[in-house]
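Asker: Quick one: sequence plus predicted model below, questions after.
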Amino acid sequence: MNLPGTGIIKGMVETARNFVGSYHDPERLTTIEYPEERLTQPENARSFPMLIFDDDPVKGLRCVACKICEKECPPQCIYIVQDRDERGKPRKFPRIFDLDISVCMSCQICVEVCPFDSIKMNTEFELSTDDRFGRLLLHRDDLAKSNEYYHQIHATEAAEVDARLADEKAKAEAKAKPAAAKPASPVPTAAKAAAPAQPAAPVKSPAADKPAAKPASPAEPAAA
Amino acid sequence: MRPDSAEPDLSALSTGDLVVESPAAVPAPPPPATSGFELTPKPATAPDADRGLLEVAIGPHHPSTHGVFRLNAVLDGERIVRFKPVFGYLHRNHEKIGENGTYLSAMPYTDRLDYFCSLSNNWAYALAVEKLAGLAVPERADYIRIITAELTRIQNHAALIGFLLQELGAMGTPLMYAFREREKILDLFEALTGARMMCNYLRFGGCRCDLPAGWLEECRRVVEGLPRFFDEFENLLSTNEILMARTQGIGVLPPELAVSAGVTGPMLRASGVNYDLRKVDRYGLYDRFEFRVPLGEHGDVYDRYMVRILEMRESAKILQQALREVPGGPIVDPKVKLRNFRPKAGEAYGRLESPKGELGFYLISDGSTNPYRYRIRPPSFINLTILEDMCQGLTLQDALVILGAVDIVMGEVDR
Amino acid sequence: METLDVIKTRAEAAVPGAQLALAPNGAVPAEASLVVDSAHAAAVARFLRDDPQLQLDYCSNVTGVDWLEASIKEKIKTRKLVDGVEKEVEETVEHKRPGHLEAVYHLYSMKLKHGPLVLRQRTANRVDQVRVASLTPVWRSAEFQEREAYDLFGIVFDGHPDLRRILMWDEFQDHPMRKDYVEPDDYEYEPTAHDDVLDKARRHYPVEEHP
Amino acid sequence: MSTALDQLFVNLKHWVVSRFPADWQLPVGMLISAGAIIVVFASLFAITVLAERKGLGRIQNRPGPNRVGPFGLLQPLADFLKMLTKENIIPQAADGLIYFLAPTLVILPTLLSFSVLPMGRNMTAVDVDAGLLFFFAVGASVELAVFMAGWASRNKFALLGAMRAIAQMICYELPLILSTVAVVMVAGSLSLSGIVDHQAGYYGGWLARWHVFTPWGLAGFLLFMTAATAESNRAPFDLPEGESEIIAGHLIEYSGFKYALFFMGEYFGMMAVSGLGITLFLGGWRPPFAGLEWVPTYLWFFGKLGVCIAVFIWVRGTLPRLRADQLMNFAWKFMLPLTLINLLGAAAWHYTADWSFLGATPARWLLGATLLGAPYLALSRRLFGGHGIGPRTYRFAT
């Protein structure tokens, strides 16, 4: 073995280098002083689910209360009651949509299984509170977030979703009115490229450029 | 409680009642179990007190037990006479949860097994399901899996060495260096999967989403910086006399015992057994990459430490190769249904080389959407089998270092 | 590795009296498994470990499986019945399989790098005859895993050096991984939005008000 | 001017004392000295804790405490308030009186040992003739306090920690004292002021004649500081409170202000032995180079103290902990022989002082280096090589 004590001295040199380095080298002092400084969240970041609405926070909800997410949710944190009209006929709208974010484990499976692009992941993370049921059990109106907000936090993904919805709407319209076979906008062709589940590159579709491109009202694709 | 045993009698579950019921009877008979077999009586501890031995419960709350874990140590001075692990403080019956849910819904729970390496856990589970259902994985997805798994390995080993040095009393400096690098890798995970630790990224037959724009470049940058970090780490630690004195010749595990005890991962290879599932099973696309498997000779804690260091370097090599040539194409088998996924009735055992050892998933399907049997082979749990053998006759200080070098995460041990 | 049939015949020759059977596997990889009777399990295991062509020195995974009696009827597990003529006829045979517990061992060879060989031991029923032979003396890795199977399934391993509960606490009475296990109503239900949980919680804490 | 500044505190004390009647002057002088020591070292303790936390933080690539006050400078105050307001827990099974006495007892000896340290010209609180002996005699009683704490807590971890502490302190007492014997031998005095005076003057008219600038002095200083690290239970010899094994050892049951007292005791101990090391080897309050006499002497002393503490922090941030038996081996099989050989080295240096041929100084250095280096190599090789400890090479499978 080499001279005893060299290993210790080598280590001391290394710590001294780090001590000095932490004053000038941003690679070494990586700490962010949180409330004042903030990291920009990556686009894929996720915290807890939210419900997307178009235009109106209640009527515009894309959710149709199909309860697929409730069924598939691994920790069973979603609770949905379908709305009924005066005569007791079920409506495609959640009367109650509760999500217990103290149970939710942010796994995103509800987002994946939702056929209506209605439930998406929020990125808001400053949720600590001492009010277990008031603030951690989120109700429908707490969960409802506008499509514009969705575009703000997940721009690429939201653009794809909008393109897909527009495409589906156009298809539905085409089916409904076979005579008027020509859709008015060039959206479908561009959106088709984005529609398959391989977003290899962020697709710039016209729909992406105008965030609230008014996609189909939520219930319609299923009805068609 | 079985449904046939009428009302659940809560009082029988409280330990207070048991004390009342067993009066002065010298060898208290074990409480009659409902199913008619008895608990083996625990080994008596009375002679220890006579011999002047000290029985110390290390844990459940102890800084070196990596979570809630207890080690019942019987000490003679500071020498270990007995060293019995007590598990279950973090037991949540993960396997039952898995059997109660669909195949997909077990995936996010695998993140929580070994919460340091959620991506390799995901892969192990996906591998088992793919084996069960005979699914193929697109090439691009396999590349992504390898990249994420090797990044996971690096950050796990780095953090582990940090923790090991913490156990050796190094005031957290190596740990902080490890965490500094780990943060960079976790940032990559966050950009890719949306979460830093609970990634829940893989799906049966591929991955959940494609690489975001610019991710590969960022990843290349991080991987390029890794060798510098390894050098720094080694300068700080590898030849440190105190570290060598503390770890060499400590916790020696002979290869025969290691094989018999089912020890896997870096611990097995530190004992000199050449068994790396990346080479043996050739799952994923590992045979496309050139890497070597470091082997120890003495099977002591220092070898375990060095094998991990060298493995990190090899992982960085794999990453460099993989990042050079990520192919295009789909990332998930489009035929695989997300919902109503029903593999044919049968069983499969899928395993891979997780950073801690062989992580296996044993699945029995009865043709329904839920697995009939969902079993995890937790490497760190099985690696603990021979903990007492390794610690025999050493001091308490050594024992905790040996425990640290086993690399346990209680989320996986207790499941 | 040799085929399972070859292993079976060789093992039967090596261990006189051993009753071995093959259990088919319907999954895609179709790794069948070897069922061994508990009386000769240790001897067969030793043969598998020490045989120079097998050298299954590494027992990777040990676990239990709970097969309920009721679930057998609609099962079409043994549907590939061969008639007099060698034809595959799909028949749904309704034969009653008694409920039993199973200890499953996945064996590999580290020396020869092959495997897996799936070894199974079955108990006679699920209630009182739940003993199988412990293979811990053969493979040390079975020690904790057999304890776990004992703890969670209630399979008693004869010859295990230290058969105690491992994950559940010592005073616990039942075996939670059994299919008919009903969780006791003795923990604090965290009230969530779900009605059934709320109901349970109300039943358990009748006085307390829950939102 | 410079003497005025240098003797500022001395004159101040004399002025205050002279206001009192003659009978009172002695006790008042003592009280002033004691008060000064307590105030100065208590504030130094606060600064050290902050510096340690900041320094360790920087070593570990994090900023350290920076929230309380500007740059976190008020952190010690916040710590103090926290310690003061924390619940004082006495375990039911503890031996109440001893449990209470231990923290007080751990502070007193170190404070006493400050009284003999010359912290500047004419700035020794009590200039005892056998100051060195007094220092060690007082310092040894810390062991008692530690054992009291460990025993009275009625906790197995505390007991293990106390046992370790006793074993460690006793076996490092010996090399600690023996490494100072060389100084006593050369200086011919047990008085700390006398030893400082012995280091007056300059080599070649510029480099101070500190003991550390001799081969035996350098070795003695390193040995002394190593033993002092062990004596004050600092990393890498912090076994008694090894937080990863026996959590905090004898401190495990202490909380609130009692814990703070132990904490303070550890830092006071560290400062005391550093002060002694400075006095014995680093010329006490004397400047290192000629022409720097205008700087007040107490600044030199405290400056050196700061450097010593910084090294302590640096070592703590780098090194892992030894094992108990290795610690003993290190003390008995390595430190003790080397300190004895160092006596020889000191003697050799002393008796070759009249060599005046050309190259006499290098020759003397060479002699000293061989005299100490060869045993160092042999002993350390025995210490490590005897157990097959050393770097290894690894093979790879492809």
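Answerer: In hand now; what should we look at? Numbers count the residues shown, from 1 in each chain, chains lettered A, B, ... in the order given.
Asker: Hmm, D:H250 is touching D:R154, no?
Answerer: No: the pair D:H250 / D:R154 is not scored as a contact, 11.7 Å apart, by CB atoms under 8 Å. Glycine gets a C-beta too; all of them are placed from N, C-alpha and C.
Asker: These two: which is more packed in?
Answerer: Taking other CB atoms under 10 Å in any protein chain shown, D:H250 and D:R154 do not tie; D:H250 has more neighbours (33 against 15).
Asker: Excluding chain neighbours, give the residue nearest to that one in space.
Answerer: In space, and not counting its chain neighbours, D:H250 is closest to D:G150: 3.7 Å by CB to CB, 6 or more residues apart in numbering or on different chains.
Asker: need the helices for chain C, in chain order.
Answerer: Using DSSP state H, the helices assigned to chain C run over residues C:4-14, C:38-50, C:142-153, C:195-204.
Asker: And chain A, by the same measure?
Answerer: A:6-24, A:68-72, A:109-113, A:132-135, A:140-143, A:147-153, A:155-176, A:187-194, A:206-209, A:220-223.
Asker: Put together CSV for those helices, with mean pLDDT and distance to chain D on each row.
Answerer: Shown next, in CSV, are the helices of chain A (pLDDT from 0 to 100; distance: least, CB to the nearest CB, whole Å):
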stretch, mean pLDDT, distance to chain D
helix A:6-24, 86, 4
helix A:68-72, 86, 41
helix A:109-113, 88, 36
helix A:132-135, 76, 26
helix A:140-143, 85, 32
helix A:147-153, 87, 30
helix A:155-176, 85, 33
helix A:187-194, 42, 43
helix A:206-209, 40, 41
helix A:220-223, 40, 52
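Asker: For chain B, find the nearest of these.
Answerer: Across the helices of chain A, chain B has its closest neighbour in helix A:6-24 (3.6 Å, CB to the nearest CB).
Asker: The closest one and chain B, are they touching?
Answerer: Yes: using CB under 8 Å from any CB of the partner chain, helix A:6-24 comes into contact with chain B via A:6-8, A:10-11, A:13-15, A:18.
Asker: Buried ones in that helix, by neighbour count?
Answerer: A:7-8, A:10-12, A:14-15, A:17-19, A:22 (16 or more other CB atoms under 10 Å in any protein chain shown).
Asker: cool, and stretch D:195-211?
Answerer: Quick answer for stretch D:195-211 (16+ other CB under 10 Å): D:195-196, D:198-199, D:202, D:208, D:210-211.
Asker: next one: stretch D:296-307
Answerer: Across stretch D:296-307, burial judged by 16+ other CB under 10 Å covers D:296-298, D:300-302, D:304-305.
Asker: Around chain B, pick out the residues from chain A.
Answerer: Applying CB under 8 Å from any CB, we find that chain A lies next to chain B at A:2, A:4-8, A:10-11, A:13-15, A:18, A:27-28, A:30, A:42-46, A:68, A:72-74, A:105-109, A:112-113, A:121, A:156, A:197-202.
Asker: Any of those buried? List them.
Answerer: So, by 16+ other CB under 10 Å, the buried ones in these are A:4, A:7-8, A:10-11, A:14-15, A:18, A:28, A:30, A:42-46, A:68, A:72-74, A:105-109, A:112-113, A:121, A:156, A:198-199, A:202.
Asker: related to what we said a few turns ago, restricted to helices, list the buried residues of stretch D:296-307.
Answerer: Counting by DSSP H, those place D:297-298, D:300-302, D:304-305 in helices.
Asker: among the helices of chain C, which is nearest chain B?
Answerer: Here helix C:142-153 is closest among these (CB to the nearest CB), at 5.2 Å.
Asker: can the buried residues of helix A:6-24 go into CSV with extra columns for distance to C:T9?
Answerer: Below are the buried residues of helix A:6-24 laid out as CSV (distance: CB to CB, whole Å):
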residue, distance to C:T9
A:G7, 59
A:I8, 63
A:K10, 62
A:G11, 61
A:M12, 67
A:E14, 63
A:T15, 65
A:R17, 67
A:N18, 65
A:F19, 70
A:S22, 69
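Asker: Which of those sits closest to D:L174?
Answerer: Comparing the buried residues of helix A:6-24 against D:L174 with CB to CB picks out A:I8 as the nearest, at 22.8 Å.
Asker: Report the buried residues of stretch B:96-112.
Answerer: Across stretch B:96-112, burial judged by 16+ other CB under 10 Å covers B:96-99, B:101-112.
Asker: do stretch B:175-191 as well
Answerer: In stretch B:175-191, counting by 16+ other CB under 10 Å, buried: B:175-182, B:184-191.
Asker: Taking the buried residues of helix A:6-24, tell me the two that lie furthest apart.
Answerer: Using CB to CB, the buried residues of helix A:6-24 span at most 22.9 Å, a distance reached by A:G7 and A:S22.
Asker: Let me see the confidence value for the closest residue to B:E297 other than its chain neighbours.
Answerer: Spatially, and ignoring its direct neighbours in sequence, B:E297 is nearest to B:G272 (5.7 Å; CB to CB, 6+ apart). B:G272 is assigned 88 on the pLDDT scale.
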